[in-house]
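S.K.: Need coordinates for the following:
(one chain, ligands or ions: 1)
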Amino acid sequence: MASLSGLCSSSPSLKPTHDRLAKLTPSFRKDSPAFSTRSNSKLSVAREVSADLSKTNSVGVLKEAKQGGLEKDPKALWRRYVDWLYQHKELGLYLDVSRVGFSDEFVEEMEPRFQAAFKAMEELEKGAIANPDEGRMVGHYWLRNSKLAPNSFLQVQIEKTLDAVCKFADDVISGKIKPPSSPEGRFTQILSVGIGGSALGPQFVAEALAPDNPPLKIRFIDNTDPAGIDHQIAQLGPELASTLVIVISKSGGTPETRNGLLEVQKAFREAGLNFSKQGVAITQENSLLDNTARIEGWVARFPMYDWVGGRTSEMSAVGLLPAALQGIDIREMLVGASMMDNATRSTVLRDNPAALLALCWYWACDGVGSKDMVVLPYKDSLLLFSRYLQQLVMESLGKEFDLDGNRVNQGLSVYGNKGSTDQHAYIQQLREGVHNFFVTFIEVLRDRPPGHDWELEPGVTCGDYLFGMLQGTRSALYANDRESIAVTVQEVTPRSVGALIALYERAVGLYASLVNINAYHQPGVEAGKKAAGEVLALQKRVLAVLNDASCEQPIEPLTLEEVAERCHAPEDIEMIYKIIEHMAANDRALIAEGDCGSPYSLKVFLGECNVDELYD
Ligand SMILES: O=P(O)(O)OC[C@H]1O[C@](O)(CO)[C@@H](O)[C@@H]1O
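M.R.: Predicted coordinates:
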């Protein structure tokens, strides 16, 4: 029977030496001339330590340590559970990492890296340029404790915005600020238009915390899918007249959000409503959106700060305004986050729940994202937590280069839905199939508000079943060597949700330091946006070519090759085919003769010649 320390260690030769670690270090290539990192004196010390340490990559050590397998002796496991159990008394939050099999040696080896990560985090909180390639400070921690902001200007800005959010929400809920032409005489609905970090936090919080009958109900447009937009507007129906439209975009220029706004404005025009009397913008000062809202005289504008990233903006106006309008206690969210921030400032690994998470992630994923994080909240209202975490974790950690310009292709994949629903979907594979994941259970102790429970069979409630499913799944997975973390909260409240958000924000930041990457930029997203722009530019050229051909007499239908040639883009013929296929499916005055399944048979022309130069 393995002892606890037997579980944790393997051979005495496990202790790392520099020589051994050097051999274990993957060879990184500095092969991106385009990549550059700006050096930054303030952050330099902690970062250099962190970078040096991360070069002594522990993957080999991890592999060796893991050969010991997981502890299965119940008594030893119980001791491990008690030994590592983290409790935040005031928040009533527990973190159990006992079902992750890291060894004492591994913890010891990671200690200097954690100290470097804590130092980097401290400097970040003091206002260092922690996002070096964008030259930005990273200040989401100041949002819940403005006194931490590095200067009084920022401090006042944070406090004024919070007061303005609370006042605006009160005025809207009380009917002091009201829509011009609604029979209800007050706003009853919110339509939030935004994407990514400008939607996921508000969506998660609404699902988790909105009361059954909120003062304003919320809906989201978070895509440029016309059918999805139509659906949201149709669902509002005549209540469009009492809908407050909140357009959220840090940059103020994200195409999906702009399209959503234009579609909603069209719906307002068609309903004879004045959009500017019902629109609110949350964006950076002087962005395109900010200028539009100012010039058109929208009801209100709230700031987003340069130093708050989209995916960490839930505690800025982005998350707070929609939440307050739904009657959610946003000051309690901030308190929960602030309490967790205090706890995750501890430089003692065992006392720092975010560091414990980062430790487990590193262990489970070999510090290279080799396994996926499956997030399973056993509570319907936390359904969107995994989707929220997906952006927070993957946009932060999924990076091609480390801070020194080495190609590392880092990341940590996140997915999940909720328990026990997933028991009847993919848990089968988790238990028995490909072993490429670890699980994070989120447990909520309180099943129902007091006084509402009943026993649906002797001694057993509905919530007991949910509890049983969670515990059973955790045990069954572990018995098959599948590791898991369990986060337990008492209830889903503004305070506990604030704490959960803060916990994961910090864990991501610490983990990023461990693997020496910039968690606060997203260069990869630009490639997709640029490519999408190129597709639309090509579409305009295709239309121009077809228009010219359709103005000839007789009309000259063109093959795909001819279109591509006339567009001077023979190498883009496949994309031209896709463009034509899409336009033909959408009644765009384009006639495609032949069979789309046999692209060479296609001949294309426009139904009408347009002599105006529409497609410039
Ligand atoms: O708030 P914005 O500027 O519209 O950006 C929305 C999202 O787009 C991204 O920039 C890239 O997907 C995210 O980081 C961000 O949350």
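S.K.: What residues does S496 make contact with?
M.R.: L91, G92, L93, G336, V489, Q490 (CB atoms under 8 Å, 6 or more residues apart in numbering). Every residue, glycine included, has its C-beta placed from N, CA and C.
S.K.: which of those residues are close to the ligand?
M.R.: Among the contacts of S496, proximity to the ligand is found for none (CB under 6 Å from any ligand atom).
S.K.: Check the chain and tell me which residue is nearest its centre.
M.R.: Nearest to the geometric centre of the chain sits Q391, at 2.1 Å (CA atoms, centre = their mean).
S.K.: so who does the closest residue to the ligand within the stretch 301-450 of the chain touch?
M.R.: Nearest residue of the stretch 301-450 of the chain to the ligand (CB to the nearest ligand atom) works out as G310 at 2.5 Å. Residues near G310 by CB under 8 Å, 6+ apart: G196, G197, S198, K250, V318.
S.K.: The residue nearest to the centre of the chain against S313, yeah?
M.R.: No - Q391 lies out of contact with S313 (CB atoms under 8 Å); the separation is 10.9 Å.
S.K.: hmm, the longest helix along the chain touching the ligand?
M.R.: If you go by DSSP state H, the chain has its longest helix at helix 523-550. Yes - against the ligand, helix 523-550 shows contacts by CB under 6 Å from any ligand atom at V525.
S.K.: Report the next helix or strand after that helix in sequence order.
M.R.: Later in the chain than helix 523-550, the nearest helix or strand by DSSP states H and E is helix 560-566.
S.K.: Give me the buried positions along that next one.
M.R.: The neighbour-count check on helix 560-566 (16 or more other CB atoms under 10 Å) flags L560, V563, A564, R566 as buried.
S.K.: Show me what it is packed against.
M.R.: helix 523-550, helix 573-584 (3 or more CB pairs under 8 Å, 6 or more residues apart in numbering; DSSP states H and E).
S.K.: Skipping its backbone neighbours, what lies nearest F102 in space?
M.R.: Among residues not flanking F102 along the chain, W363 sits closest, at 4.2 Å (CB to CB, 6 or more residues apart in numbering).
S.K.: The one you found reaches V97, doesn't it?
M.R.: No - W363 lies out of contact with V97 (CB under 8 Å); the separation is 9.2 Å.
S.K.: So what does the residue nearest to P377 when sequence neighbours are not counted look like in phi/psi?
M.R.: In space, and not counting its chain neighbours, P377 is closest to I442: 3.7 Å by CB to CB, 6+ apart. Dihedral angles of I442 (phi, psi; degrees, to the nearest 10) stand at phi -110, psi 120.
S.K.: Can you tell me who I442 pairs with across the strands?
M.R.: P377, V487 (DSSP bridges).
S.K.: isn't S98 right up against Y81?
M.R.: Yes - under the criterion of CB under 8 Å, S98 makes contact with Y81 at 4.1 Å.
S.K.: For burial, what's the neighbour tally of the residue of the stretch 451-600 of the chain found nearest the ligand?
M.R.: Nearest residue of the stretch 451-600 of the chain to the ligand: V525, at 3.9 Å (CB to the nearest ligand atom). V525 sits with 12 neighbouring residues when counted by other CB atoms under 10 Å.
S.K.: and it, what does it touch?
M.R.: Counting by CB under 8 Å, 6+ apart, V525 has contacts E395.
S.K.: Which of the contacts of S496 fall within strands?
M.R.: L93, V489 (DSSP state E).
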